[in-house]
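A.B. asks: Structure for the following, please:
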Amino acid sequence: MSGGSPPSRGKHPLVPPGERVLHDARPSVAYIFVRSLPEVAPAAVVIVCILLLRAAVVGLAAELDRSLASITDVWLGYLLVFCVAYAVARFVWACLDWFCRRYVLTDVRIVAVRGVLHVVRFDVPLRRVQHLAMSRSLLERLFGVGTIAAASAGTGGHEVVWRTVARPDDAMGMVRARIDTVSRRGDGPEPMPVIGLVGGIGSGKSAAAAAFEKLGCVVSDSDKAVREVLMRPEVAEQLVAWWGRGILDSENRVDRKRVADIVFKDDFERRRLESLVHPLVRESRETLIARARECGAKGVVIDAPLLFEAGVDAECDAVVFVETPKDLRLARVRGRGWDEQELDRRENAQMGLEEKRRRSDYVVVNHGTLEELESRVAKVLAAIRKHNRDPDAGSV
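C.D. replies: Okay, the predicted model is just below:
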């Protein structure tokens, strides 16, 4: 929503109105094979044995009673059809089972739905989650997937199980981050919101962040945090091991521009850098949020270019999208020495702007004066704080 309207959380068949959906997916397609292979593989072995036996029967037909050989061949044929039908049926059932499974994470609860003929839903509020576990069977390890399970206090097992999810470590981190955020929120009348800030390059996110800061929020600048992380000796040492000393400047410090030239051209190198830097940035961000809460800040604003890509939105109570026309953004980045091609290249390495906007709860338009931007930010902050106090509030 734009301005100070309540969050546009959208309707979702599996969650109550007003909750923000952070993750909604089925298992990895590998689930079909992990689920069916233990049953299909023995059937496949039997099928091979039957084919070999039938070939042997045909080969010995001249030496055997022809009627006996014919009857044996017929019954082996029936058995072959049965085994093939069984294998196909188990595979089709696994496909249906995969299609009927849904795993949902909101800012309030974790949900798992399964069942082809009889649908079963498991739903646990994040505040009640006491134990989170991840397991990976041999087949799951071979396919690069894993199973995540959540249990609440006083139960004998895991109520919510996400089986065979892709990138299980990232999924586990996303769920844990949201549980930590919920557990850190105060139970008093004024719980402090954590607000994610996203937008296109040159959209004015820094100006919007400054407007939030002027209203009493603490800003977590991810770019600044990354710069500080890159200055750590152990990080610089690892980057040199990957890419050589050519990434260092004349003072033997990591040159961010040279690093950017590497990672924006190669997705593998970008993911490798993120796996090194993001956990360190998150650690410093958690420290800042804890201090802000102790100081009674109006909120914490996370200004992170890769907020959705890195799963940081799971730590947020709301996400604000700063919308600015491309021609205005291009005019701003020309001051950095960029042309339109460079702007497009860098934005293409990130999630698309329309998808970021769709996933956000609020939209702040930034194509006017600074005073207009500050006024819009003030309305959005008021709406977020009101929703944080009373999630069922309808409007400001």
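A.B. asks: Find the residue ranges of the protein scoring beneath the pLDDT cut-off.
C.D. replies: The model of the chain has pLDDT under 70 over residues 1-12, 18, 57-69, 153-157, 184-190, 389-396.
A.B. asks: can you pull the buried residues of the helix or strand where Ala41 lies?
C.D. replies: Ala41 belongs to helix 30-59 when elements are defined using DSSP states H and E. In terms of neighbour count (16 or more other CB atoms under 10 Å), helix 30-59 has its buried residues at 30-37, 40, 43, 46-47, 50, 54, 57. No exception for glycine: its C-beta is placed from N, CA and C like everyone else's.
A.B. asks: Spatially central residue in the chain, please.
C.D. replies: Nearest to the mean C-alpha position of the chain, by CA atoms, centre = their mean, lies Gly311 at 5.2 Å.
A.B. asks: thinking again about what came up before, past the helix holding Ala41, which element shows up next along the chain?
C.D. replies: For helix 30-59, the following helix or strand on the C-terminal side (DSSP H and E) is helix 66-99.
A.B. asks: what ranges do the strands span in this structure?
C.D. replies: Along the chain, the segments classed as strands by DSSP state E run 21-25, 102-106, 109-114, 120-125, 129-135, 145-152, 160-166, 194-199, 217-221, 299-303, 318-323, 362-365.
A.B. asks: Now render those strands as a markdown table, adding mean neighbour count.
C.D. replies: Below are the strands of the chain laid out as a markdown table (neighbours: other CB atoms under 10 Å):
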| stretch | mean neighbour count |
| --- | --- |
| strand 21-25 | 17 |
| strand 102-106 | 22 |
| strand 109-114 | 21 |
| strand 120-125 | 14 |
| strand 129-135 | 15 |
| strand 145-152 | 21 |
| strand 160-166 | 22 |
| strand 194-199 | 27 |
| strand 217-221 | 22 |
| strand 299-303 | 26 |
| strand 318-323 | 24 |
| strand 362-365 | 21 |
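A.B. asks: Any chance of these in a markdown table with distance to Asn348 as columns?
C.D. replies: Formatted as a markdown table, the strands of the chain follow (distance: least, CB to CB, whole Å):
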| stretch | distance to Asn348 |
| --- | --- |
| strand 21-25 | 24 |
| strand 102-106 | 28 |
| strand 109-114 | 33 |
| strand 120-125 | 38 |
| strand 129-135 | 33 |
| strand 145-152 | 28 |
| strand 160-166 | 23 |
| strand 194-199 | 16 |
| strand 217-221 | 24 |
| strand 299-303 | 21 |
| strand 318-323 | 18 |
| strand 362-365 | 22 |
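A.B. asks: What residues does the closest residue to Phe264 other than its chain neighbours make contact with?
C.D. replies: Nearest residue to Phe264, sequence neighbours excluded (CB to CB, 6 or more residues apart in numbering): Ala349, at 5.0 Å. The neighbours of Ala349, taking CB atoms under 8 Å, 6 or more residues apart in numbering as the test, are Val263, Phe264, Asp267, Arg270.
A.B. asks: So what does Ala349 look like in phi/psi?
C.D. replies: Main-chain torsions, Ala349, degrees, to the nearest 10: phi -80, psi 0.
A.B. asks: Please determine how far it is located from Ala310.
C.D. replies: Distance, Ala349 to Ala310, using CB to CB, to the nearest Å: 13 Å.
A.B. asks: same deal with Ala43?
C.D. replies: Look at Ala43 and Ala310: by CB to CB, they are 43 Å apart.
A.B. asks: same question, Ile289
C.D. replies: Separation of Ile289 from Ala310 (CB to CB): 16 Å.
A.B. asks: go on, Val45?
C.D. replies: 45 Å.
A.B. asks: Do I have it right that Val277 meets Val229?
C.D. replies: Yes - the pair Val277 and Val229 passes the contact test of CB atoms under 8 Å, sitting 5.4 Å apart.
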